[in-house]
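**Student:** My questions concern the predicted model and sequence given below.
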There are 2 protein chains.
Amino acid sequence: MKILIIEDEKELSASIADYLSSQDYTCDVADDFAGAIDKTEYNNYDCILLDISLPGGSGLKILERLKEDKKTDGVLIISAKNSLDDKIQGLNLGADDYLSKPFHLSELNARIAAIIRRKNFEGNNLIEFHNLIIDTQSKTVTVNKNLVELTKKEYELLLYFISNKKRLISKDAIAEHLWGNDMSGNFDFIYTHIKNLRKKLMDAGDADYIKSVYGMGYKFTNQ
Amino acid sequence: MKILIIEDEKELSASIADYLSSQDYTCDVADDFAGAIDKTEYNNYDCILLDISLPGGSGLKILERLKEDKKTDGVLIISAKNSLDDKIQGLNLGADDYLSKPFHLSELNARIAAIIRRKNFEGNNLIEFHNLIIDTQSKTVTVNKNLVELTKKEYELLLYFISNKKRLISKDAIAEHLWGNDMSGNFDFIYTHIKNLRKKLMDAGDADYIKSVYGMGYKFTNQ
DNA sequence: ATTCTTCTTCAAAATATCTTCAGATTCATT
DNA sequence: AATGAATCTGAAGATATTTTGAAGAAGAAT
């Protein structure tokens, strides 16, 4: 899960990034308008934490820009101001939720979890694909009703595959999504994790859903 | 299930009532001190949503009054203020939970469900899970009809597991639930208590219901 | 005040997972 | 078929997490 933190106070953004990393999120930080737009242009975040009270009021401008690009889904506004106006304005611009500073990291965590839950699964916690079922609440995966025990990375990988099913996924995209920083060039760990995930899924079922596309990447499909 | 909404902003209370009705709750609304007291006097609510920041600060007064009448069971405080003081004061006055505005209706729903679940647990004194039986009235636990003597923390831990059975529970969530403030980072005490609980349960029975999920937490299940 | 129980802390040992690597295999192109 | 590049595989080393036992601290009971 990737999160973008748009915040000009470096200390705060660092401590948030620190905490969220410990909760197994992958974090990027932007501290001004240009940086934020740049990041959102080239990345796909599960959640964006936006400090609305950036110098020059650019926080709202960022939100407006995100709205133009239809990327406001998953935006959680953080603000020192506690005014209702701000909240309303933010939520009207398409933000998902609003949190006033100062806040507890555990509360931030709960809000992010709620946003991601809502965003990805619209409240429904069962994801099905042919005879594969993922219960995102218990983080349990079954194939043909056989329980498949996955490690964290395997589970994340499967979730990424499922949410991009039937699409071609580049190894770069996988690396980016699962490890954040691009470990460009070396995909050994992807090969290994895919091998292991494949084996577990196939041991439980029959078909190999993970199709390799030579020179391009992978596709999660059943044909 | 009956819910009382004590809230002066009529738009908000209407939209909450609307939503909760769609979730098959029966809703009453009160918008001031007198109305609230009146309603609670003559009704028995499964859950009371209380806006603490009513004009004239009467939210807290209502809570005090509820406490006198021993009706604070099931109170969920809603507040625009996000201050820790408020939260502590509210919880000290016997409220069950606390939610800051603005919130998503789905989160409100989840909290209400949690409160009702908890209340029902208390009314209903036997909880069974396979060959494990918890009598919440006498606070005794048996496995295969063998009495298991648990300490307070172990008992709380077991109750938390049971009420989230078959779900993945993070160590953070356990820490949060058993110790309140998040002692983030250090889970040694969780490890120890789980070890002890496990040992006692297994000594009395056979299966290890507490399944460790590496890097994620625990799951209370029998598979 | 003393004893007993429970809770917490600590560090070593046991486990599980992640990453790296080198050799084998497959693939597209010639 | 031969070639080189890409992918797969199994094993081993490196990391990270969990389990465990023991001991000290805090609380409760006598």
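**Tutor:** Done, it's in.
**Student:** Which residues are in contact with A:I190?
**Tutor:** A:I190 makes contact with A:K171, A:I174, A:A175 under the criterion CB atoms under 8 Å, 6 or more residues apart in numbering or on different chains. C-beta: built from backbone N, CA, C; applies to glycine.
**Student:** Secondary structure element for it, which one?
**Tutor:** Using DSSP states H and E, A:I190 sits in helix A:188-204.
**Student:** who's in contact with the spatially closest residue to A:E64 that is not a sequence neighbour?
**Tutor:** Nearest non-adjacent residue to A:E64, counting by CB to CB, 6 or more residues apart in numbering or on different chains: A:L93, 6.3 Å away. A:L93 makes contact with A:L60, A:L63, A:E64, A:K67, A:T72 under the criterion CB under 8 Å, 6+ apart.
**Student:** cool, A:N44 as well?
**Tutor:** So A:N44 contacts A:K2 (CB under 8 Å, 6+ apart).
**Student:** got it, and A:Q137?
**Tutor:** Contacts were defined as CB under 8 Å, 6+ apart; by that measure A:Q137 touches A:N125, B:R167, B:L168.
**Student:** so the first one touches A:T140, yeah?
**Tutor:** Read it as A:N125. No - using CB atoms under 8 Å, A:N125 is not in contact with A:T140, being 10.3 Å away.
**Student:** what about the closest residue in space to A:D51 that isn't next to it in sequence, neighbour count?
**Tutor:** Leaving aside its sequence neighbours, A:D51 sits nearest to A:E7 (CB to CB, 6+ apart; 4.3 Å). Residues within reach of A:E7, counting by other CB atoms under 10 Å in any protein chain shown, total 23.
**Student:** and A:E7, what is it in contact with?
**Tutor:** For A:E7, the contacting residues are A:S13, A:I16, A:V29, A:D31, A:L49, A:D51, A:L54, A:I78, by CB under 8 Å, 6+ apart.
**Student:** Just say helix, strand or coil for A:I112.
**Tutor:** A:I112 falls in the helix class when you classify it by DSSP: H, G, I helix; E, B strand; the rest coil.
**Student:** Spatially nearest residue to it (excluding sequence neighbours)?
**Tutor:** A:C47 (5.2 Å).
**Student:** beta partners for the one you found?
**Tutor:** Beta-bridge partners recorded for A:C47 (DSSP bridges): A:I3.
**Student:** what's around it, how many residues?
**Tutor:** Residues within reach of A:C47, counting by other CB under 10 Å, total 24.
**Student:** Kindly report the same for A:K199.
**Tutor:** Here the number of neighbours of A:K199 (other CB under 10 Å) works out to 12.
**Student:** quick one: it and B:L150, what's the gap?
**Tutor:** From A:K199 across to B:L150, the span is 40 Å (CB to CB, to the nearest Å).
**Student:** residues in chain A within reach of DNA strand D, list them.
**Tutor:** Selection of chain A residues close to DNA strand D by CB under 7 Å from any atom of the strand yields A:171, A:187-188, A:191-192, A:194-195, A:198-199, A:212-217.
**Student:** Could you rerun that using 6 Å?
**Tutor:** Contacts of chain A with DNA strand D, taken as CB under 6 Å from any atom of the strand, map to A:D188, A:Y191, A:T192, A:I194, A:K195, A:R198, A:S212, A:Y214, A:G215.
**Student:** what element comes up after the helix or strand of chain A with the lowest mean pLDDT heading to the C-terminus?
**Tutor:** Of all helical and strand segments in chain A, the minimum by mean pLDDT, DSSP states H and E falls on helix A:84-92, at a mean of 61. Sequence order places strand A:97-100 as the next helix or strand after helix A:84-92, per DSSP H and E.
**Student:** partners of that next one in the sheet?
**Tutor:** Here, using DSSP bridges, strand A:97-100 pairs with strand A:75-79 (parallel).
**Student:** neighbouring contacts of the partner strand?
**Tutor:** Strand A:75-79 is contacted from outside by A:7, A:47-53, A:59, A:63, A:66, A:86-87, A:90-91, A:94-101, A:103, A:108, A:111-112, A:115, using CB under 8 Å, 6+ apart.
**Student:** follow-up on the earlier one: is it possible to export the contacts of A:E7 to a markdown table including distance to A:M1 and secondary structure?
**Tutor:** A markdown table is the format used below for the contacts of A:E7 (distance: CB to CB, whole Å; DSSP: H, G, I helix; E, B strand; the rest coil):
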| residue | distance to A:M1 | secondary structure |
| --- | --- | --- |
| A:S13 | 18 | helix |
| A:I16 | 14 | helix |
| A:V29 | 16 | strand |
| A:D31 | 21 | coil |
| A:L49 | 13 | strand |
| A:D51 | 20 | strand |
| A:L54 | 24 | coil |
| A:I78 | 18 | strand |
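**Student:** Determine which two of those are furthest apart.
**Tutor:** A:I16 and A:L54 (15.0 Å; CB to CB).
**Student:** How confident was the prediction at A:A204?
**Tutor:** For A:A204, the model assigns a pLDDT of 90.
**Student:** so how many other residues sit close to it?
**Tutor:** A:A204: 18 surrounding residues under other CB under 10 Å.
**Student:** List the contacts of A:E156.
**Tutor:** Contacts of A:E156 by CB under 8 Å, 6+ apart are A:M1, A:H177, A:L178.
**Student:** and if we set it to 7 Å?
**Tutor:** A:E156 sits next to A:L178 when contact means CB atoms under 7 Å, 6 or more residues apart in numbering or on different chains.
**Student:** mind listing what's buried in the strand or helix carrying it?
**Tutor:** A:E156 is part of helix A:152-163 when elements are defined by DSSP H and E. Buried residues in helix A:152-163, counted by 16 or more other CB atoms under 10 Å in any protein chain shown: A:K153, A:E154, A:Y155, A:E156, A:L157, A:L158, A:L159, A:Y160, A:F161, A:I162.
**Student:** do the same with stretch A:15-31
**Tutor:** A:I16, A:A17, A:Y19, A:L20, A:Q23, A:Y25, A:T26, A:C27, A:D28, A:V29, A:A30, A:D31.
**Student:** I'd say the first one and A:I5 touch.
**Tutor:** Yes - A:I16 is in contact with A:I5 according to CB atoms under 7 Å; the separation is 5.6 Å.
**Student:** sorry, back to before: could you single out the nearest of the contacts of A:E7 to DNA strand D?
**Tutor:** A:I16 (18.7 Å; CB to the nearest atom of the strand).
**Student:** gap between that closest one and chain B?
**Tutor:** Per CB to the nearest CB, to the nearest Å, A:I16 is found 13 Å from chain B.
**Student:** Please apply the same query to A:T26.
**Tutor:** Distance, A:T26 to chain B, using CB to the nearest CB: 15 Å.
**Student:** what bridges to that residue?
**Tutor:** Counting by DSSP bridges, A:T26 forms beta bridges with A:K2.
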